[in-house]
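In: following is a predicted model, sequence given first.
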Amino acid sequence: MDYFKRTKIKDILQKDIESYQDVKVLGWVKTKRVSKNIAFLELNDGSTVKNLQIVILNPSDFALEEINRGASLKIKGYLEDVPNREQSIEMKAEKIDIIGTAPDNYILQKKEHSFEFLREIAHLRPRTKTFSTVNRFRNKISYAIHKYYQEKGFQYIHSPIITASDAEGAGEMFKVTTLDFENLPKNDQGEVNYQEDFFGEQTGLTVSGQLEAEVMATALGDVYTFGPTFRAENSNTSRHASEFWMIEPEMAFCNLEEMMDLIEDFIKYLFEYAIEEAEEEMEFFDQNIEKGRKETLQKIINATFARITYTEAVNILKKADQSFEFPVEWGMDLQTEHERYLTEKHFKKPVLVTDYPLGIKAFYMRANDDNQTVAAVDCLVPEVGEIIGGSQREERYDVLKKRMEEENMNIDKYEWFLELRKFGTVPHSGFGLGFERILMYISGIKNIRDIIPFPRTPGNARF
């Protein structure tokens, strides 16, 4: 029962403790210094980036030679205030029990290791200062997301991970099957007969929970999904992963303008939450990952996001006092260099760009009256470009069906989605935000592989 009687190091360092006497801590050794009459251990239990200093006044009474960096210990003792030091409290050890030993050649030594090296030991890197901080930060911002939507009356819904629908229409889905690859059943056309598969049709890992969120929004009003999504896209960049988490709110009776208000408010809320409620983690990122990160976030919190149409954006870019690798023409999808110019040089703050050409956006986005653009929005932020994409959904049955036919989609497969427009259809809107993307932006970490505990990327599914 010692586990339940232990005191967390975070509480000790914050002096949020009931007593200085008869204290028990459990954790891992970060450093050890031993002399004839005194010894010091630095102990960490994962609750904070900071270590607790353990003072051993009679080293010969303890088996310190068996304790190396990385060993796990249970320590009983008492606490003392130590004024005028960086940490104003330390622990005097009375009893030390070794739970798990570690060898002299324990791979995580005191020296700093590169992020590239640590990716090769993803099972151990959470024990480093950086990655323990990253994982505590993920936890806090996950909580913030739920807190935001719950306080606004949204219902948290669980969309399926296995699905027969490709929400994005891009065909970049991982296939899910129980068929024998060595003896695949074929139909009369010589194609794989998925009717003999587990689900009786071709299925894959979801690329988005949006379609199911629309189902739930048309019954519950305001909903959100927050779960894993998958893309079988062979992209080896610092911003792409094959498995990542998405936040996808969907709101009934909501138009594009109202959704843009939510996008701006949501981003500012997360940034403010990080600064105020993840203070220790943000201080670490500010000092060790990117100087001035908190200041960058505060500027966005204080800004009013610009709102322009895609056509206005193209006109601004055509008049820009710089050349682009990809020349700007109406009808093309904006590239990162265009998005960053708008946010960093022209507006110098986040920008919400609306009304994109119909031909470059997904089938479910509501067609505008000009029949050339759709009620879509991308939220652009400095340093990155697009961070959120969303739209008002096409709620008109005939218009949506025609659009799907133009895209050569299998109408029968999506009849359930179309039927939402037959029975009490309403205007509704939603957007998607990649969880790892927003974590990267807040923390200043540049590679998505370093913000996910166990990244899945092309050629890599270790750990």
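Out: Thanks, I have the structure now.
In: tell me the secondary structure for Phe326?
Out: coil (DSSP: H, G, I helix; E, B strand; the rest coil).
In: next, count neighbours for the spatially closest residue to it that is not a sequence neighbour.
Out: In this structure, Phe326 finds its nearest non-sequential neighbour in Gln335, 4.8 Å apart by CB to CB, 6 or more residues apart in numbering. The way it works is simple: take the backbone N, C-alpha and C, and place the C-beta from them, glycine included. Gln335: 16 surrounding residues under other CB atoms under 10 Å.
In: before we move on, what about Asn105?
Out: 7.
In: and the residue nearest to Phe326, how far is that from Ser238?
Out: From Gln335 across to Ser238, the span is 16 Å (CB to CB, to the nearest Å).
In: repeat that for Ile452.
Out: Applying CB to CB, the value for Ile452 to Ser238 is 12 Å.
In: hmm, Asp286 is touching Gly292, no?
Out: Yes - in this structure, Asp286 is within contact of Gly292 by CB atoms under 8 Å, at 7.1 Å.
In: what about the helices in this structure?
Out: All helices of the chain, identified by DSSP state H, fall at 2-5, 9-13, 115-119, 129-151, 210-220, 256-277, 279-288, 293-302, 310-318, 336-340, 397-406, 415-419, 435-443.
In: quickly, which of the ones you listed bottoms out on average pLDDT?
Out: Here the lowest mean pLDDT among the helices of the chain goes to helix 2-5, at a mean of 68.
In: picking that back up, the helices of the chain: which one's closest to Phe463?
Out: Comparing the helices of the chain against Phe463 with CB to CB, the closest turns out to be helix 115-119 (9.7 Å).
In: buried sites along that closest one?
Out: Across helix 115-119, burial judged by 16 or more other CB atoms under 10 Å covers Leu118, Arg119.
In: now that helix: how far from the chain's centre is it?
Out: Between the centre of helix 115-119 and the centre of its chain there are 19 Å (CA atoms, centre = their mean, to the nearest Å).
In: ok, now stretch 353-364?
Out: 25 Å.
In: which parts of that stretch are buried?
Out: The neighbour-count check on stretch 353-364 (16+ other CB under 10 Å) flags Val353, Thr354, Asp355, Tyr356, Pro357, Leu358, Lys361, Ala362, Phe363, Tyr364 as buried.
In: for the chain, name the helix or strand with the lowest mean pLDDT.
Out: Least confident element among the helices and strands of the chain, by mean pLDDT, DSSP states H and E: helix 2-5 (a mean of 68).
In: returning to what we had before: how about the helices of the chain in TSV, adding distance to Ala375?
Out: Below are the helices of the chain laid out as TSV (distance: least, CB to CB, whole Å):
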stretch	distance to Ala375
helix 2-5	54
helix 9-13	47
helix 115-119	40
helix 129-151	22
helix 210-220	15
helix 256-277	5
helix 279-288	36
helix 293-302	25
helix 310-318	11
helix 336-340	19
helix 397-406	12
helix 415-419	18
helix 435-443	23
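In: nearest to Gly100, out of those helices?
Out: helix 2-5 (14.6 Å).
In: for the nearest residue to Glu94 once chain neighbours are set aside, the count of nearby residues, please.
Out: The spatially closest residue to Glu94, leaving aside those adjacent along the chain, is Gly77, at 4.5 Å (CB to CB, 6+ apart). The burial count assigned to Gly77 is 21, neighbours taken as other CB under 10 Å.
In: and for Pro453?
Out: 14.
In: pretty sure it is touching Ala122, no?
Out: Yes - applying CB under 8 Å, one finds Pro453 in contact with Ala122, separated by 7.0 Å.
In: what about this structure, any weak spots by pLDDT?
Out: Within the chain, the stretches with pLDDT under 70 are 1-4, 168-171.
In: between Ile452 and Ser238, which has more neighbouring residues?
Out: Counted by other CB under 10 Å, Ile452 and Ser238 do not tie: Ile452 has more neighbours, with 22 against 12.
In: which of Asp286 and Gly292 has more neighbours?
Out: Asp286 (19 against 11).
In: what sits against the closest residue to Lys175 other than its chain neighbours?
Out: Nearest non-adjacent residue to Lys175, counting by CB to CB, 6+ apart: Gly204, 5.2 Å away. Gly204 is in contact with Ile162, Thr163, Ala164, Asp166, Met173, Phe174, Lys175, Val176, Phe230, counting by CB atoms under 8 Å, 6 or more residues apart in numbering.
In: and the residue nearest to the fourth one when sequence neighbours are not counted, what does it touch?
Out: By that I understand Asp166. Nearest non-adjacent residue to Asp166, counting by CB to CB, 6+ apart: Met173, 5.7 Å away. By CB under 8 Å, 6+ apart, the residues touching Met173 are Asp166, Gly204, Leu205, Thr206, Val207, Phe230, Arg231, Ala232.
In: now do Pro327
Out: Pro327 sits next to no residue when contact means CB under 8 Å, 6+ apart.
In: if I look at it, how far off is Leu380?
Out: As judged by CB to CB, Pro327 and Leu380 stand 19 Å apart.
In: same question for Glu329.
Out: Glu329 is 19 Å from Leu380, by CB to CB.
In: so for those two, which sits in the more crowded spot?
Out: Shown here are Glu329 and Leu380; by other CB under 10 Å, Leu380 has more neighbours (28 against 9).
In: outline the domain layout of this protein.
Out: With domains defined by automatic domain parsing, the chain comprises 2-106, 125-172+207-450.
In: re earlier: the residue nearest to Asp166 and Tyr20, how far apart?
Out: Per CB to CB, Met173 is found 58 Å from Tyr20.
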